[in-house]
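Q: Sequence first, then the predicted structure, then my questions.
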Amino acid sequence: MSPDAGSNGAETLRMAHLSDLHCGSPHFQAEMLDRAIEEINGLAPDIVVISGDLTADGYRREYESSREYLDKVNCGNLIVIPGNHDSRNVGYLHFEELFGPRATAVHHRGVTIVAEDSSEPDLDHGQIGRSRYAAITEEFAKPADFRVFVLHHHLLPVPGTGRERNIVYDAGDLLEMLLRSGVNLVLAGHKHVPYAWRLENLFMVTTGTVSTLRLRGHTRPCYNLIEIEPARVRIWRKYPFHGHDSILEFSRESHEYRKGDLFPQEASR
């Protein structure tokens, strides 16, 4: 199925994954976010995931701005968690007032999605913490055909992002728990670079920023589109109204996979 199709097949579950909006930043581009939301609404996804950094510095007005933008998303399943920028200046209080709990679980059409806040107040690094493991394990123990975990920070290094400093502190324990829980896919943001890793039968996919000019190298503003089909999962990097690139495709049964050209803009130089 083409990622530009306006409607899903009956058995396909479609997810849009955005991250790092950074409302209030001098690099924020309102027209980019409006364009992305317009395209996403046309694609009619079943679920929209925003994996943190809605704001530049966690201030109330920045949160109000991000709330106004996300209210334009026409999707009944909108999953939003904070990132490290959102937890600056006690911003997590504004998050709870305007968006609700900082952790959530959604069960939809055989897919379980557990989203957790990995941020720490006024720090760029993050962790989930062992106090949350039991609740996460309990959600993933419920009947499901496909399991997705969402956090802001990444669990493995991402190429093209410089010195590695911000993998979550409890990444090892968390990865082991996710593998034991039968999780299929991990979604994250933070570094503004879309990438994909496989670890055993677990796939980890990051997305870029769709609405700022805080771009690394030759990367472009983008978001990810995920299509979970009965036999396969397909993930694209989408440039709003300017095409798409394949990031990853894998078999749900054999876990055989094929990565796309993860750095296509570099390849032509």
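A: Everything's here; your move. Quantities reported herein were computed from a predicted structural model and do not represent experimental measurements. Residues are numbered from 1 along each chain as shown.

Q: Please name the residues that touch the closest residue to Ala115 other than its chain neighbours.
A: In space, and not counting its chain neighbours, Ala115 is closest to Val150: 3.9 Å by CB to CB, 6 or more residues apart in numbering. Heads up, the C-betas are built off the backbone N, CA and C, glycines and all. By CB atoms under 8 Å, 6 or more residues apart in numbering, Val150 lies in contact with Val49, Ser51, Ile79, Ile81, Ile113, Val114, Ala115, Glu116, Val186, Leu187, Ala188.

Q: so how far is Gly110 from the residue nearest to Arg132 when sequence neighbours are not counted?
A: Spatial nearest neighbour of Arg132, excluding adjacent residues (CB to CB, 6+ apart): Glu116 at 6.2 Å. Look at Glu116 and Gly110: by CB to CB, to the nearest Å, they are 21 Å apart.

Q: Tell me which of the two has more neighbours.
A: Glu116 (22 against 13; other CB atoms under 10 Å).

Q: Would you mind measuring from that one to Arg67?
A: From Glu116 across to Arg67, the span is 21 Å (CB to CB).

Q: which ones are touching the closest residue to Ser25 other than its chain neighbours?
A: Nearest residue to Ser25, sequence neighbours excluded (CB to CB, 6+ apart): Ala56, at 3.8 Å. Neighbouring residues of Ala56 by CB under 8 Å, 6+ apart: His22, Cys23, Gly24, Ser25, Phe28, Glu62, His85.

Q: returning to that earlier point: wait, isn't the residue nearest to Arg132 in contact with Tyr133?
A: No: judged on CB atoms under 8 Å, Glu116 makes no contact with Tyr133 at a distance of 10.1 Å.

Q: For the stretch 1-150 of the chain, which segments count as strands?
A: Shown for the stretch 1-150 of the chain, the strands assigned by DSSP state E, counting those that start in this stretch span residues 13-18, 47-51, 78-81, 104-108, 111-115, 119-120, 123-126, 146-150.

Q: so which of these gets nearest Cys222?
A: Nearest of these to Cys222, taken as CB to CB: strand 13-18 at 9.3 Å.

Q: Would you check how far apart His152 and Gly100 are?
A: 16 Å.

Q: Next up, the contacts around the nearest residue to Asp53 once chain neighbours are set aside.
A: Closest residue to Asp53 apart from its sequence neighbours, by CB to CB, 6+ apart: Gly83 at 3.5 Å. Going by CB under 8 Å, 6+ apart, Gly83 touches Ser19, Asp20, Ser51, Gly52, Asp53, Leu54, Ser119, His152, His153, Gly189, His190.

Q: What ranges in the protein fall below the confidence cut-off?
A: 1-2, 5-10, 261-269 (pLDDT under 70).

Q: For it, which helix extends over the most residues?
A: helix 30-43 (DSSP state H).

Q: List the contacts of that one.
A: 3-6, 14, 16, 18, 21, 48, 69, 72-75, 210-212, 221, 223, 225, 238, 240-241.

Q: Buried ones among those?
A: Among those, those classed as buried by 16 or more other CB atoms under 10 Å are 3, 14, 16, 18, 21, 48, 69, 73, 75, 210-212, 221, 223, 225, 238, 240.

Q: Contact partners for Pro157?
A: Pro157 makes contacts with Glu164, Ile167, as judged by CB under 8 Å, 6+ apart.

Q: cutoff 6 Å now
A: By CB atoms under 6 Å, 6 or more residues apart in numbering, Pro157 lies in contact with Glu164.

Q: Alright, calling it a day.
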